[in-house]
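Student: after the sequence you'll find the predicted model.
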Amino acid sequence: MPSAADFAAEQVAAVRDEPAGRLALLESLYQAPPGRPELHLPYRRAAMAFMGWQLRRRLLNAVDGDQPGSAWWRAVNERLLRDTAEARAHVLGLGGEVSSPSVALSVSFIRRPSARVWYLAHNAAIAAAYLEHRALADAESRVERFFINLVLARVLYAHALVAAPRLALSWLSPIAPLLSDPRLGMTGIFLSLSRVLPARYPLRDDLQWYISEERGLCRLLDLGVIQPRFDALYAWSAAELSMPGIGDLIRDGVPAYAWDTADAEPWNPAPPIVVRAVRRVLPR
């Protein structure tokens, strides 16, 4: 009998160059193990939202196909799939050691699902993949690397809304967990990344053009609420996920993952009046 880790690796390898197959695999991994109640299905909403836009952008396409995908996004997605598949295999009784702390968190989620443990498991896998695949990120364009950093900030912030609501939303902390509960539709504001990232890959226009296109609630959230909390958010996430390396991905308020922090202007634009108002209403 294969170990849980080997079984998971085989499942992921079978769909490596089949983007729709990756999505189907993720969907299947949220089905309740035999004999257990269907407590996990509501959390599938957030997991599918995080992954669905990757298919729409064709990020998960084979890198040698007619419309090549992204080696970095494929690797990050694969880590999430593999961790989830291995955790399920452990719960189903396959043997072997748990291969990583993020898999152990996924096992904990399967055994006792909750919003906080879902974020722990999900973001531990994502953050581990970020740290592991820095070299692949360096090969992406400047525009893509900006959005790669923005995605990380968004998923860390979504976690903080549930697990550190005062940090995330100041005096509005009592409502913060509802805004980011992965079982509820509101979580799409943070994890349905079609609201953050442009709809195609690779990105060919100038970064400023894409930034100017992000309007409304998402831009207000990024500049008015998340950006002033960058340093505190990354420090909290490093402790919450037991990954000190996350703390190195921010420097003086500028995201530093595959990004030259001297190139700070895209992260610190002159805030419009409405952003300044939000910062006053929701101080750090």
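Tutor: Arrived safely, thanks for sending.
Student: just the strands in the protein please.
Tutor: All strands of the chain, identified by DSSP state E, fall at 250-251, 254-255.
Student: mean confidence score for the last one?
Tutor: On average, the pLDDT along strand 254-255 is 98.
Student: ok, the first one next?
Tutor: The average of the pLDDT scores along strand 250-251 is 97.
Student: what about Phe146, how many neighbours?
Tutor: Neighbour count for Phe146, taken as other C-beta atoms under 10 Å: 21. No exception for glycine: its C-beta is placed from N, CA and C like everyone else's.
Student: oops, could you answer that again for Gln208 instead?
Tutor: So Gln208, with other C-beta under 10 Å, has 12 neighbours.
Student: which residues touch the spatially closest residue to it that is not a sequence neighbour?
Tutor: Leaving aside its chain neighbours, Gln208 sits nearest to Pro266 (7.6 Å; criterion: C-beta to C-beta, 6 or more residues apart in numbering). The contact partners of Pro266, taken as C-beta atoms under 8 Å, 6 or more residues apart in numbering, are 146, 207-208, 211.
Student: follow-up on the earlier one: can I get the strands of the chain in JSON lines including mean neighbour count and distance to Arg57?
Tutor: Below are the strands of the chain laid out as JSON lines (neighbours: other C-beta atoms under 10 Å; distance: least, C-beta to C-beta, whole Å):
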{"stretch": "strand 250-251", "mean neighbour count": "20", "distance to Arg57": "25"}
{"stretch": "strand 254-255", "mean neighbour count": "21", "distance to Arg57": "20"}
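Student: turn those into CSV, including distance to Trp53.
Tutor: Putting those into CSV (distance: least, C-beta to C-beta, whole Å) gives the following:
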stretch, distance to Trp53
strand 250-251, 24
strand 254-255, 20
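Student: and of those, who's closest to Ala277?
Tutor: Nearest to Ala277 among these is strand 254-255 (23.6 Å), distances taken as C-beta to C-beta.
Student: give the buried residues for stretch 247-261.
Tutor: Buried residues in stretch 247-261, counted by 16 or more other C-beta atoms under 10 Å: 249-251, 254-255, 257-259.
Student: start to end distance for it?
Tutor: From its first residue to its last, stretch 247-261 covers 14 Å (C-alpha to C-alpha, to the nearest Å).
Student: distance from it to the middle of the chain?
Tutor: 17 Å (C-alpha atoms, centre = their mean, to the nearest Å).
Student: before we move on, back to that, nearest to Ala239, of the strands of the chain?
Tutor: Among the strands of the chain, the nearest to Ala239 by C-beta to C-beta is strand 250-251 (13.6 Å).
Student: just checking: what are the partner strands of that closest one?
Tutor: Strand pairing for strand 250-251, using DSSP bridges, gives strand 254-255 (antiparallel).
Student: give me the residues contacting the partner strand.
Tutor: By C-beta under 8 Å, 6+ apart, strand 254-255 touches 149-150, 152-153, 230, 249, 261, 264, 267-268.
Student: same thing but 7 Å
Tutor: By C-beta atoms under 7 Å, 6 or more residues apart in numbering, the residues outside strand 254-255 that reach it are 149, 153, 249, 261, 264, 267.
Student: same deal with stretch 78-96?
Tutor: With C-beta under 7 Å, 6+ apart, stretch 78-96 has contacts from 1-5, 7-9, 11-12, 22, 25-26, 29, 33, 98-100, 102-103, 106-107, 110-111, 125-126, 128-129.
Student: mean confidence for that stretch?
Tutor: pLDDT averaged over stretch 78-96 gives 95.
Student: pull that stretch out as CSV, backbone CA atoms only.
Tutor: Output of stretch 78-96 as CSV, limited to C-alpha atoms (Å, rounded to 0.1, in the frame of the first residue of the first chain):
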residue,chain,number,x,y,z
GLU,A,78,0.2,21.9,-7.0
ARG,A,79,1.4,22.4,-3.4
LEU,A,80,-2.2,23.2,-2.3
LEU,A,81,-3.6,20.2,-4.1
ARG,A,82,-0.9,17.8,-2.8
ASP,A,83,-1.2,19.0,0.8
THR,A,84,-5.0,18.6,0.7
ALA,A,85,-4.8,15.2,-1.0
GLU,A,86,-2.2,13.9,1.4
ALA,A,87,-4.3,15.0,4.4
ARG,A,88,-7.4,13.3,3.1
ALA,A,89,-5.4,10.1,2.5
HIS,A,90,-4.1,10.2,6.1
VAL,A,91,-7.6,10.5,7.4
LEU,A,92,-8.7,7.6,5.2
GLY,A,93,-6.0,5.4,6.8
LEU,A,94,-3.1,5.4,4.5
GLY,A,95,0.2,5.2,6.3
GLY,A,96,3.5,7.0,6.3
